[in-house]
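Enquirer: what's the 3D shape of this:
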Amino acid sequence: MEKILLLQNRHWEKERYPGLIQRDIVTTLIKRLSMKEVQVLLGVRRGGKSSVFRLLINHLIEDVDPLQILYINLDDPFFSDVWNDPKLLYAVIETAERLTDSQPAYLFFDEIQNVRGWERFIKSIYDTGQFKKIFITGSNSSLLKGTYARLLSGRYIADYVFPFSFREILDYNGIVTYKDLLANSPKVLRLLDDMLRYGSFPEVWKTGDPALKRDLLVNYYETIILKDCIANNAIRDVRTFKELAFYMVSNIGGMYSYNSLARSINSNENTVKGFINIIEDSFLFTEIKNFSYKLKMQATGKKKCYCVDNGLINAVSFMFSENRGRLFENLVFTEFLKNGYKDIYFFHNKKECDFIIKKERQMMAVQVVYEINSQNRKRELDGLSSAMERFNIPRGYIITFNQEEKISKDITIMPFWKIYKEILKR
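Expert: Residues are numbered from 1 along each chain as shown. Sure, this is the predicted structure:
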């Protein structure tokens, strides 16, 4: 155990973790360091949660004794005994105390969901009050549902960590201001095209070899499906589950009903609903509903789903050459998610609007089209206008890859790279 703790806690040697790309969420987390609540980071596997931990540790060691910071990666097979006996975590902490001759003040538990009964352990050490701050990560949203949430009620703050946002990628490339965007437009479009094709998982983004990018992405997808979904939920009908997941990743942005999905994989509605809940819990997909002020209509109506990362879609379904428009739609959807927009719907009646987006008391209507032309212009504008009129929405946007036009005082055609100036402001 001593060896693995030394390997996982290189900061004990007073060295910063190198090669990390700054994440926007770190600024928020630093502001909360003085708050006693457990900080929970949730997000898809390999999305950057561990790197956020290391960025926080790099910040902490500027003022805190590194020996008072303990990091434990519970995804490491070395801790397999701990997975079934959370009491062994007390022994891990005691071993760290012997190694450092110091009591840890900051605890970082990575992939805590691997430990059965972890919530009782976290509540126990939190209630002692002997630690300044406890951080945990998990790759499953069920981490804070049901019994877990009740036991930790009032004791935690949760945030989501996604693969890089486009803004983070621009910042890393030295493109920070609007002036930088304009001065580097060819580079900006290349970065956007790469994100459209390969997504923005941190390790994938840092890898230059396209073949290696694809290998990483296929591995991520299979690990999420096999470990976070099938194994963690003891799914018996593995074939049907895999068929459903593949169908969804191959039909991003397409409307469906549970009945139609059930028919397509020769299953039943209840099984499909249960499987989709499991997939959503792993953060692989997000399902959205047809917007209506009547909740029953939302619950029983058609649905659409989007994938957490474009790279996964391309690596698994080979969709890039076939439908760049759907991929661009997925990219725009995930960018809104990454910027805190949680209430996202679509609207379909006789006409369709890709997204109805709510934040606080404001609403906007958004159409997404890779390129607007004479064939699709009327359809896109009609769908947008229909949603705006139906729900009295004051602003509408058509987001494109690189086209811009002012249609009216209420409707704007806007290139994707400009949304941070006009919509997703810091």
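Enquirer: next up, the contacts around Leu331.
Expert: 195-196, 310, 416 (Cβ atoms under 8 Å, 6 or more residues apart in numbering). All C-beta spots, glycine's among them, are computed from the backbone N, C-alpha and C.
Enquirer: so which of those residues is the most crowded?
Expert: Asn310 (27 neighbours; other Cβ atoms under 10 Å).
Enquirer: which residue, other than its chain neighbours, is closest to it?
Expert: Gly199 (4.3 Å; Cβ to Cβ, 6 or more residues apart in numbering).
Enquirer: the one you found contacts Ser165, correct?
Expert: No - contact criterion Cβ atoms under 8 Å: Gly199 and Ser165 do not qualify, at 11.6 Å.
Enquirer: tell me which of those two has more neighbours.
Expert: Gly199 (27 against 21).
Enquirer: and Gly47, how far from Asn310?
Expert: 13 Å (Cβ to Cβ, to the nearest Å).
Enquirer: which parts of stretch 6-22 are buried?
Expert: 8-9, 11-12, 17 (16 or more other Cβ atoms under 10 Å).
Enquirer: turn these into JSON lines, columns for distance to Asn270, pLDDT and secondary structure.
Expert: Below are these laid out as JSON lines (distance: Cβ to Cβ, whole Å; pLDDT from 0 to 100; DSSP: H, G, I helix; E, B strand; the rest coil):
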{"residue": "Gln8", "distance to Asn270": "42", "pLDDT": "97", "secondary structure": "helix"}
{"residue": "Asn9", "distance to Asn270": "46", "pLDDT": "97", "secondary structure": "coil"}
{"residue": "His11", "distance to Asn270": "48", "pLDDT": "97", "secondary structure": "helix"}
{"residue": "Trp12", "distance to Asn270": "51", "pLDDT": "97", "secondary structure": "helix"}
{"residue": "Tyr17", "distance to Asn270": "46", "pLDDT": "96", "secondary structure": "coil"}
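Enquirer: show me the contacts for Ala299.
Expert: Counted by Cβ under 8 Å, 6+ apart, Ala299 has contacts Lys289.
Enquirer: and it, what element?
Expert: Assigned by DSSP states H and E, Ala299 belongs to helix 295-300.
Enquirer: then that helix to CSV, C-alphas only?
Expert: C-alpha atoms of helix 295-300 as CSV (Å, rounded to 0.1, in the frame of the first residue of the first chain):
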residue,chain,number,x,y,z
LEU,A,295,-45.5,18.1,-18.2
LYS,A,296,-47.6,15.0,-19.3
MET,A,297,-47.0,15.9,-22.9
GLN,A,298,-43.3,16.1,-22.3
ALA,A,299,-43.2,12.8,-20.6
THR,A,300,-45.2,10.9,-23.2
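Enquirer: following that helix, which helix or strand comes up?
Expert: strand 303-307.
Enquirer: any idea of the mean pLDDT for that next one?
Expert: Averaging pLDDT along strand 303-307 gives 97.
Enquirer: measure the residue of the chain most remote from its centre to Gln68 for me?
Expert: Most distant from the centre of the chain: Asp101, at 38.0 Å, with distances by Cα atoms, centre = their mean. From Asp101 over to Gln68 the distance is 11 Å, taken as Cβ to Cβ.
Enquirer: same question, Arg46
Expert: From Arg46 to Gln68 the distance is 29 Å (Cβ to Cβ).
Enquirer: also Lys206?
Expert: From Lys206 to Gln68 the distance is 30 Å (Cβ to Cβ).
Enquirer: more crowded one of the two?
Expert: Between Lys206 and Gln68, counted using other Cβ under 10 Å, the more crowded position is Gln68 (18 against 11).
Enquirer: so what's that one up against?
Expert: Per Cβ under 8 Å, 6+ apart, neighbours of Gln68: 100, 102-106.
Enquirer: which among the residues you listed count as buried?
Expert: Buried among the contacts of Gln68 (16+ other Cβ under 10 Å): 100, 102, 104-106.
Enquirer: which residue lies nearest the spatial centre of this protein?
Expert: Nearest to the chain centroid, counting by Cα atoms, centre = their mean: Phe162, 3.2 Å.
Enquirer: need the contact list for the residue farthest from the centre of the chain.
Expert: Leu67.
Enquirer: which residues of this protein score low on pLDDT?
Expert: The chain contains residues with pLDDT under 70 at 147, 318-322, 425-426.
Enquirer: got the domain ranges for it?
Expert: 2-160, 166-422 (automatic domain parsing).
Enquirer: picking up where we left off before, make TSV out of the contacts of Leu331 and add distance to Thr27 and secondary structure.
Expert: Below are the contacts of Leu331 laid out as TSV (distance: Cβ to Cβ, whole Å; DSSP: H, G, I helix; E, B strand; the rest coil):
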residue	distance to Thr27	secondary structure
Met195	22	helix
Leu196	27	helix
Asn310	26	helix
Phe416	24	helix
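Enquirer: which of the buried ones among the contacts of Gln68 sits closest to Tyr172?
Expert: Nearest to Tyr172 among the buried ones among the contacts of Gln68: Tyr106, at 26.6 Å, using Cβ to Cβ.
Enquirer: I'd guessed that closest one sits against Val64; true?
Expert: Yes - Tyr106 lies in contact with Val64 (Cβ under 8 Å); the separation is 6.9 Å.
Enquirer: ok, and what's touching stretch 199-215?
Expert: With contact meaning Cβ under 8 Å, 6+ apart, stretch 199-215 is reached by 21, 46-48, 51, 163-166, 169, 198, 216-217, 220, 309-315.
Enquirer: name the helices or strands packed onto the helix or strand where Tyr126 lies?
Expert: According to DSSP H and E, Tyr126 maps onto helix 118-128. In this structure, helix 118-128 makes packing contacts with strand 106-110, strand 133-138, helix 147-151, judged by 3 or more Cβ pairs under 8 Å, 6 or more residues apart in numbering; DSSP states H and E.
Enquirer: great, nothing more from me.
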